[in-house]
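The sequence isn't on hand, but the structure is:
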């Protein structure tokens, strides 16, 4: 099983114009990134920070699931829940 850290540190997978996730079979799944998509991410992140200022807003946050590593565009997480995972390559629990 390939770890998310191994995916992140693989030089062949750096600077790709794709969003990378894994599926339940440890296969890397890539989705193309569109320029307009980043604008929506920024708007959602701004709204979450404004409406829920007591937590953290993170874009492109890797989360380990039973279906592989998923990378939601934007997440909100409480500061307490974030603290033990803030330096991890991926979150072991959902925000």
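Okay, I see it. Treat the numbers as computed from the prediction; the structure is a model and nothing was measured. Numbering: from 1, shown residues only.

Could you measure from residue 26 over to residue 50?
Residue 26 sits 38 Å away from residue 50 when distances are taken as Cβ to Cβ, to the nearest Å. (C-beta placed from N, C-alpha, C; glycine too.)

which of the two has more neighbours?
Neighbours were counted for residue 26 and for residue 50 using other Cβ atoms under 10 Å; residue 26 has more, 12 against 9.

The chain: helices as residue ranges?
Assigned by DSSP state H, the helices in the chain fall at 4-9, 35-51, 79-82.

most tightly surrounded among those?
Each of the helices of the chain was assessed for mean neighbour count using mean count of other Cβ atoms under 10 Å. The highest is helix 4-9, with a mean of 14.

What's the mean pLDDT across that one?
For helix 4-9, the mean pLDDT works out to 91.

likewise stretch 15-29?
Per-residue scores along stretch 15-29 average to 90.

Need the contact partners of it.
1-2, 4, 7, 13, 30-33, 60, 66-71 (Cβ atoms under 8 Å, 6 or more residues apart in numbering).

go with 6 Å
1, 2, 30, 31, 32, 33, 67, 68, 69, 70, 71 (Cβ atoms under 6 Å, 6 or more residues apart in numbering).

Over to stretch 79-86?
Residues from elsewhere that reach stretch 79-86 (Cβ under 6 Å, 6+ apart): 56, 91.
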